[in-house]
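In: okay, sequence plus prediction incoming.
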Protein chains: 4
Amino acid sequence: MEQRLTEEKVFKDPVHNYIHVQDPIIWQLINTPEFQRLRRIRQLGTSFLTFHGAEHSRFSHSLGVYEITRKIISQFERSHYSDWPKEEKTVALCAALLHDLGHGPFSHSIEEAFDMNHEDWTCKIITGDTEVGAILRRYAPDFPEKVASVIQKTYEKPIVVNLVTSPLDADRMDYLLRDAYFTGVNYGTIDLDRILRMLRPYHGRIVVKESGMHAVEDYLMSRYQMYWQIYFHPVTRSSEIILRQIFKRAKSLIQQDFQFRFMIDPLPQLFNGDLSVDEYLQLDEALIQTAFMQWRKEDDAVLSELCERFIDRKLYKYVEIEQIDVNMIEEIREAFTLAGLNPEYDLEIDFPTDNPYDVFRPDESTDKQILLLDRQDKLHELSEVSDIVRSISGLHRGKHHLYYPQNKVDAIVHELPSHIRPYFSH
Amino acid sequence: MEQRLTEEKVFKDPVHNYIHVQDPIIWQLINTPEFQRLRRIRQLGTSFLTFHGAEHSRFSHSLGVYEITRKIISQFERSHYSDWPKEEKTVALCAALLHDLGHGPFSHSIEEAFDMNHEDWTCKIITGDTEVGAILRRYAPDFPEKVASVIQKTYEKPIVVNLVTSPLDADRMDYLLRDAYFTGVNYGTIDLDRILRMLRPYHGRIVVKESGMHAVEDYLMSRYQMYWQIYFHPVTRSSEIILRQIFKRAKSLIQQDFQFRFMIDPLPQLFNGDLSVDEYLQLDEALIQTAFMQWRKEDDAVLSELCERFIDRKLYKYVEIEQIDVNMIEEIREAFTLAGLNPEYDLEIDFPTDNPYDVFRPDESTDKQILLLDRQDKLHELSEVSDIVRSISGLHRGKHHLYYPQNKVDAIVHELPSHIRPYFSH
Amino acid sequence: MEQRLTEEKVFKDPVHNYIHVQDPIIWQLINTPEFQRLRRIRQLGTSFLTFHGAEHSRFSHSLGVYEITRKIISQFERSHYSDWPKEEKTVALCAALLHDLGHGPFSHSIEEAFDMNHEDWTCKIITGDTEVGAILRRYAPDFPEKVASVIQKTYEKPIVVNLVTSPLDADRMDYLLRDAYFTGVNYGTIDLDRILRMLRPYHGRIVVKESGMHAVEDYLMSRYQMYWQIYFHPVTRSSEIILRQIFKRAKSLIQQDFQFRFMIDPLPQLFNGDLSVDEYLQLDEALIQTAFMQWRKEDDAVLSELCERFIDRKLYKYVEIEQIDVNMIEEIREAFTLAGLNPEYDLEIDFPTDNPYDVFRPDESTDKQILLLDRQDKLHELSEVSDIVRSISGLHRGKHHLYYPQNKVDAIVHELPSHIRPYFSH
Amino acid sequence: MEQRLTEEKVFKDPVHNYIHVQDPIIWQLINTPEFQRLRRIRQLGTSFLTFHGAEHSRFSHSLGVYEITRKIISQFERSHYSDWPKEEKTVALCAALLHDLGHGPFSHSIEEAFDMNHEDWTCKIITGDTEVGAILRRYAPDFPEKVASVIQKTYEKPIVVNLVTSPLDADRMDYLLRDAYFTGVNYGTIDLDRILRMLRPYHGRIVVKESGMHAVEDYLMSRYQMYWQIYFHPVTRSSEIILRQIFKRAKSLIQQDFQFRFMIDPLPQLFNGDLSVDEYLQLDEALIQTAFMQWRKEDDAVLSELCERFIDRKLYKYVEIEQIDVNMIEEIREAFTLAGLNPEYDLEIDFPTDNPYDVFRPDESTDKQILLLDRQDKLHELSEVSDIVRSISGLHRGKHHLYYPQNKVDAIVHELPSHIRPYFSH
């Protein structure tokens, strides 16, 4: 149907050196406004406030996921593996490239605040009246739905789904490498080439040659370290808390018919929960940051202070606590209220394990498993074979943290009951 | 007056691994709103549209310049060089940290469009009624002026000026390394450790031990490559052209009393040229991008189209031309006008050598020279000793490029005179 | 007593970038024949037959251990930690530099074959009539014994011993980084800077600040991976087996008064077990390899073949076996003998866990423990605090391998009993 | 004739990450004794005495050259360039792999001392009665001669010669990268991927797309730096001088019928200049180093001292001199003789430019030129287009150095004539 580009196009990339584009459809998709918008959404949300190098965008990550997927498929083709359905290449590459298309600004926080889901938006954009949708439809009328169903894991060929979404998928491999590169930590340095060489299409899914076990162990350990060093870093959590509180306050003000000085489209639609695809695509981090800059001047002291905290990086302090029960939290909240603070905004308890912590757990459904293929062509679930994966797979870890505005709490700490005071006096 | 921090603070940095902060004044300066604002200004302006990794901010570069300066001074102190005035450490570190404080959003373009100068703004912010100013004044009443005079190159001790601004200064060394790291090119990999080891304070300026000559040659070659590969990349120039045209159009609309749907503070002040320090500090790239997003919906077709081009990265096409004279340009402009195009916005000629190209030139004043110190304690200007530097120092290079909107010109190319047509038919 | 060098000397090093030498005694020690001899001893023995990059010498590793130790002490001095005895700097640096001085060619194999111990030789060289001994004695008459006692772990100040030999010592940190660099694997990339920053002298030993826990976890995981990927690699084991068999055969021939064509000093003394220090220092890998080259031409077929195998890298094949008992081994040996093979040389069983596998085990004496120092200045043994270390610390792993000459066994495999044959038919 | 290996083999390589072997003939060639011998020949001769990391062997470099050639051909095949003769792949790969097969121990010095040429030996080994020869003959009877003629640049298809030997060939690209990696300097970091992408087969030779010009400039600058930083380093030259003097002395002793205690085959044949291929293959650096170790004990003081200098790294001191004429040299030699020194061995004058310095020079024959292919399919010699290459291409640089034994000269320096003394008194 479509041929190759007359000349391969490349993007210079710090992680993969070059991203290679050979198919016209990929080139066209990259040049759509919807895909270019990902330049204005950071890959790691507010993490740049903790690791100043982490300014990289979802645009670069999406290209990276595409590139890894391209390399895997290219290896499958070169090796003539019969279990790989060659005709699925384009749908796989498009799904890899577009899988994050629906991410909003500061994605995790905005999804939590407004009860949205980026995967739904991804599919709406892909199948909707957009340039991306038009390009896919031009390729084949049912192509948008095909690509979307890969992302929704309902595509008829499970091996394509497995290639794009699995515990060893291109998404995870790219973000580990990329986030390690841009933050500057070296926990995420996995042996990508070796893992790619060890992947095999096998009976409708992607498995790993057993001799690649150590490379997979190393990859899982890297993920473990990255979660605790980067993704769950308490300073990043603190900035996310401020962000969610800003959204909460603004929403509550809107419900009270507060007259904002600055409130431009599509923010009202976001707060009212009736965004069209077109409006959603106008959301980016520039708009959110501009809104916060302006809201510093609004008459509501709570909103104004929270925005100032975010913009000027005056984040909440945190303390680690061993154990805390619901009663104690209630007591602290009451004590805060008595002392004139507002526990609604001045106190937050955080348990990072509540969050998606996807170090491999073997007790889950088979598509979350990593399978090893031995020399006798038998499959083994990874933790059966790897001592080290078995020993970490049950690990359930989590530190509770209290977050609060230090200046305000310091001012009233002497008024707090004596059994509560120790939490806040350091 | 002030002591060290009880415990050294560090920032994780991909280029220098860690940035070390030992002095309370540096820690306090970093935490001001004025310094945090640099997180919202990209180091390389629009280069991220060419190299998608180049999203890094002036915040990270400023920390890097501080860190290199700290290392140089620390080496001077450890080696007890008598020509280094120890009491100047704090003023040098503060000047290094703050030297880019006045950069605006998309700095080079905005400076050109509005005839501003970031160095002036840096000094206004440092000496003004700001948190940075307050911290410096608390250190010593005349300290803001001292720091500003280092940046303005008028400080009484020329060695401090020379440390912060010279052809081998911490600023250039950090940006070569940092821009190479984030774009992913490897032209900028200089042997920082070796250069730092070779620097010597000597009679009021910083010189290089002769045995470090090759490292300096390599540094200059890296700079040369970085200029032509990164800083003067024609795609980046194309995006800067669009940017300046947006500003030009918006300014002209304001002068015509056009009613903007979106025009919030401090944009009117920017266009009228009467920004206060406080207003200037509200300018960031989020605001500019938000304005462009909104201006797509304005009723002026020229402005709307230009904004769309910038946001959706539909940049102007470019062609390289060997020679072009003023008459020919005039003819092209007339032909464009005849064909219904607007040469004011639809044509731009660019000569990158018009821009600050600071590969070392020996015929310039002594503070632009690199001096080598030989074993007999004699000084030699670098190009006297280095064949390779001498051979490149006279190089004057530059390609002329024409930039234009391909879709519009393609539509009328057949109407152009036959001697003009070849420029535009590829 | 001695001052600093007038100018710091540096060695360019791929792992640490530069090795810095500031003390004359260190410079003099490096330039002794005994230390220069380490250039002729590979750091990883026969591993270069598996990983062709692993040609690096114990010379470079020894410089690296010195450099890390220098950095640690320099950090202790800069921070003015009162628990660090400043006067111990020189003894610590010398012990770090010289700790591997007694390694012989293909060290682990030669030690096993001749029942020697490199640590003993290190101490004999340090305290003996050598240039190293003379330099140390010139520094202080009892200095050779002091340095030796640090290496023997009997020095009066346990903190110096702990600095030079502990689960987190400079030796291990350098070899992980260096072996990873030269083999090209990326399992060994530890965050050296962070670990160094976290070390504290505390009550007579070196401990780690609790906030460095993740860096230490990562370091232990790297070690685990390096052991299984590099140090216990079955191809390397195979070459070590050949090496030991050559020594065994030559020893047995000497005992039978076999007349070697090639047998030069100090080889006879090595085989007779009566090497003087001076003779020991004449042993290097060039001599061993030259002997093997020559012994290919000896009249003994076993020796000749083994030498050919080593020189031409015709190693033994290996098979992994789940379980093997003593009886079975005996049966195989008998079957081999019946089929005309010589099980003495044609069969070897290997259990890598028999070897020093020093991933951290908490049940050991306190000097093998890593202790964390929390904010309340309390110590915790690492595995109490780290889930992941606790979960791996009990891991006991090991694969049994059979090694044998494939060509010979293939020729007689059909003669082997049917229950034995499967081991050898792949 | 031969197919692919059932499974691709890989070698872990620090420079290219993995070396991929797909053809049985390549796999067989690597496993010959002749190719394995390259493990015992260092890539950079005595450079490890200057840069301790430079212990890497010609084995690893040869694999690297093969790998780069494989990548270039693979790119040509993927892109279906019609100017590339597909049937030449195997001969090109074999020539790339084997091009250094004839290198001897400390190659440049031994060639100079014994007037040999490694290229001749390479061809003798390839076409001779060796395992390599047998494997090639099995592939096709005339194949050894074909491979040899590529190396001798007489092969009928010039494009194959050009691929294997040209100013931009795989040999140079691998050694720049590899030598930079192992020495630890960062001058050699070229953008290999980009250069490879830009190569094109064109009318019987390999040319470069014009858009790759900057990458080629950068590669030439890297070479320039590597020559002066690594290959011509005066400490390395000093060790080469000692090496050549040892050979000279030993040869002269043999001619005088001196009775050596240690003189084993094939050393006599080497000194007599009648080595057979089989004897040549027994030469390696282990043998040379062992000979030097033994010759320290010979009764000839000159030989003994020179060997000690090499083994213990007590090299000659060097001084740089601006200009020196033949008369002055003669005077120094006479003054040395008068003072009881032996100028034959105690003095050496070195001009590194006498050596093959292959920074690109445009005035040479066309096969030493780099040609750029522009968009109109016209060729341009590089220095016509590149200012920077033109400006360096005429550079003729060279420092004269005097080398001498410092201890001996210091003892008699006061006896030297006053106009000669300054050279030796520092």
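Out: Done, it's in.

In: per-domain residue ranges of chain A.
Out: Domains of chain A are assigned by the TED database as A:9-199, A:233-314.

In: any idea how far apart the tips of the longest one sit?
Out: With Cα to Cα, to the nearest Å applied, domain A:9-199 spans 26 Å between its terminal residues.

In: deepest-packed of the domains of chain A, please.
Out: domain A:9-199 (a mean of 21; mean count of other Cβ atoms under 10 Å in any protein chain shown). The C-beta positions use only the backbone N, C-alpha and C, and glycine is treated the same way.

In: quick one: residue A:49 from chain C, how far?
Out: 19 Å (Cβ to the nearest Cβ, to the nearest Å).

In: for that residue, which non-adjacent residue is spatially closest?
Out: In this structure, residue A:49 finds its nearest non-sequential neighbour in residue A:239, 4.7 Å apart by Cβ to Cβ, 6 or more residues apart in numbering or on different chains.

In: sorry, back to before: can you list the domains of chain A in CSV and add mean pLDDT and distance to residue B:229?
Out: Below are these laid out as CSV (pLDDT from 0 to 100; distance: least, Cβ to Cβ, whole Å):
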stretch, mean pLDDT, distance to residue B:229
domain A:9-199, 95, 10
domain A:233-314, 96, 28
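
In: contact partners for the residue nearest to residue A:49?
Out: The contact partners of residue A:239, by Cβ atoms under 8 Å, 6 or more residues apart in numbering or on different chains, come to A:46, A:49-50, A:310, A:313, A:315.

In: and the domains of chain A: which comes nearest residue D:205?
Out: Evaluated with Cβ to Cβ, the domains of chain A place domain A:9-199 nearest to residue D:205, the distance being 24.6 Å.

In: contact partners for the closest residue to chain D within the stretch 151-300 of chain A?
Out: Here the stretch 151-300 of chain A gets closest to chain D at one residue, residue A:193, 5.4 Å apart by Cβ to the nearest Cβ. With contacts taken as Cβ under 8 Å, 6+ apart, residue A:193 has the following neighbours: D:17-18.

In: please repeat the previous calculation with a cut-off of 10 Å.
Out: Neighbour list for residue A:193: A:71, A:215, D:10, D:12, D:16-18 [criterion: Cβ atoms under 10 Å, 6 or more residues apart in numbering or on different chains].

In: now it: how far from residue C:231?
Out: 22 Å (Cβ to Cβ, to the nearest Å).

In: then residue A:400?
Out: Distance of residue A:400 to residue C:231, given as Cβ to Cβ: 40 Å.

In: more crowded one of these two?
Out: residue C:231 (20 against 15; other Cβ atoms under 10 Å in any protein chain shown).

In: my guess is that one contacts residue C:47, does it?
Out: Yes. Counting by Cβ atoms under 10 Å, residue C:231 touches residue C:47, with 7.8 Å between them.

In: any shared contact partners between the two?
Out: residue C:179.

In: chain center to stretch A:67-85: distance?
Out: 26 Å (Cα atoms, centre = their mean, to the nearest Å).

In: with adjacent residues omitted, what lies nearest to the residue of the stretch 51-200 of chain A found nearest chain B?
Out: Taking Cβ to the nearest Cβ, chain B has its nearest neighbour within the stretch 51-200 of chain A at residue A:184, 3.3 Å off. In space, and not counting its chain neighbours, residue A:184 is closest to residue B:14: 3.3 Å by Cβ to Cβ, 6+ apart.

In: what sits against the one you found?
Out: Residue B:14 touches A:14, A:51-54, A:180-186, B:56, B:60, B:64, B:177-178, B:181-182, counting by Cβ under 10 Å, 6+ apart.

In: so is whichever strand or helix holds residue A:34 next to chain B?
Out: If you go by DSSP states H and E, residue A:34 is part of helix A:33-36. Yes. Helix A:33-36 is in contact with chain B by Cβ under 10 Å from any Cβ of the partner chain, via A:33-36.

In: show me which residues of the stretch 51-200 of chain A are close to chain D?
Out: Near chain D, when you scan the stretch 51-200 of chain A using Cβ under 10 Å from any Cβ, you find A:74-75, A:78-79, A:191-194, A:197.

In: any idea which element the residue in chain A that chain C sits nearest to lies in?
Out: Ranking the residues of chain A by distance to chain C (Cβ to the nearest Cβ) places residue A:391 first, at 4.0 Å. Per DSSP H and E, residue A:391 falls inside helix A:387-393.
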